[in-house]
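Visitor: Structure, please.
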Amino acid sequence: MNFYWSNNGIGLLVLRVAFGLGMMVHGIQKVNNFETLSQVFPDPLGVGSAMSLSLAIFAELFCSILLVVGLFTPLALVPLGITMLVAIFVAHGDDPWSKKELAFTYLSVYAALLCSGPGKLSLDYRLFGKNVRDSE
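Guide: From the prediction side, this is the model:
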């Protein structure tokens with residue numbers, strides 16, 4: 001069996017693809033409803049609703065694409081993690097746990113991937129090799 005296709009490599013690939021594609025759905029929904037959402041989207045940074053929405057779209061759509069392919073993974077995970085922290089503590093701050101649970105799950109996976117690295121089945125590994133955390 002090729003050393004790229006180890007259990008760790010496959011596991012990290014599954015996490016990256018599943019959670020990347022799952023988050024991309026949220027980003028696409030925001031893009032499709034940009035006009036409406038830009039008027040009412042939470043503005044936790046004080047930069048305006050439209051800019052806050054744009055930052056969320058950047059994380060949820062574009063950073064998720066980078067996560068799926070495993071390119072610049074640590075850099076892509078930072079905006080994704082920040083977006084989930086905002087969702088947990090600001091957007092759903094007063095809501096019950098059931099409203100925060102999904103964002104917490106995404107945040108947990110992003111934190112684990114930040115610690116482990118993207119794995120050998122990633123563009124980061126192909127392009128940069130040992131410069132990326134080797135989790136296997």
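Visitor: What about Gln39, how many residues nearby?
Guide: Using other Cβ atoms under 10 Å, Gln39 has 10 other residues around it. C-beta: built from backbone N, CA, C; applies to glycine.
Visitor: Name the nearest residue to it, sequence neighbours excluded.
Guide: Ser49 (6.4 Å; Cβ to Cβ, 6 or more residues apart in numbering).
Visitor: Do I have it right that the one you found meets Thr36?
Guide: No - between Ser49 and Thr36 there is no contact under Cβ atoms under 8 Å: 10.9 Å.
Visitor: Now the common contact residues for these two.
Guide: Here Ser49 and Thr36 have no joint contacts, going by Cβ atoms under 8 Å, 6 or more residues apart in numbering.
Visitor: more crowded one of the two?
Guide: Taking neighbours as other Cβ under 10 Å, Ser49 and Thr36 compare with Ser49 leading, 14 against 9.
Visitor: mind listing what that one touches?
Guide: Contacts of Ser49 (Cβ under 8 Å, 6+ apart): 37-43.
Visitor: give me phi/psi at it?
Guide: Main-chain torsions, Ser49, degrees, to the nearest 10: phi -60, psi -40.
Visitor: Any stretches of this protein with poor pLDDT?
Guide: Residue ranges of the chain with pLDDT under 70: 1-5, 130-136.
Visitor: tell me which element the residue sitting nearest the centre point of it is part of?
Guide: When Cα atoms, centre = their mean is applied to the chain, the residue found nearest the centroid is Leu80 (3.9 Å). Following DSSP states H and E, the helix or strand that holds Leu80 is helix 73-86.
Visitor: Can I get that helix in CSV? Just the C-alpha atoms.
Guide: What follows is helix 73-86, C-alpha atoms only, in CSV (Å, rounded to 0.1, in the frame of the first residue of the first chain):
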residue,chain,number,x,y,z
THR,A,73,-4.6,24.6,5.3
PRO,A,74,-3.4,26.3,8.6
LEU,A,75,-4.1,29.7,7.0
ALA,A,76,-7.5,28.6,5.8
LEU,A,77,-8.4,27.3,9.2
VAL,A,78,-7.9,30.6,11.1
PRO,A,79,-10.8,32.5,9.4
LEU,A,80,-13.0,29.4,9.7
GLY,A,81,-12.3,29.1,13.4
ILE,A,82,-12.9,32.8,14.0
THR,A,83,-16.2,32.6,12.1
MET,A,84,-17.3,29.6,14.3
LEU,A,85,-16.2,31.5,17.5
VAL,A,86,-18.3,34.5,16.4
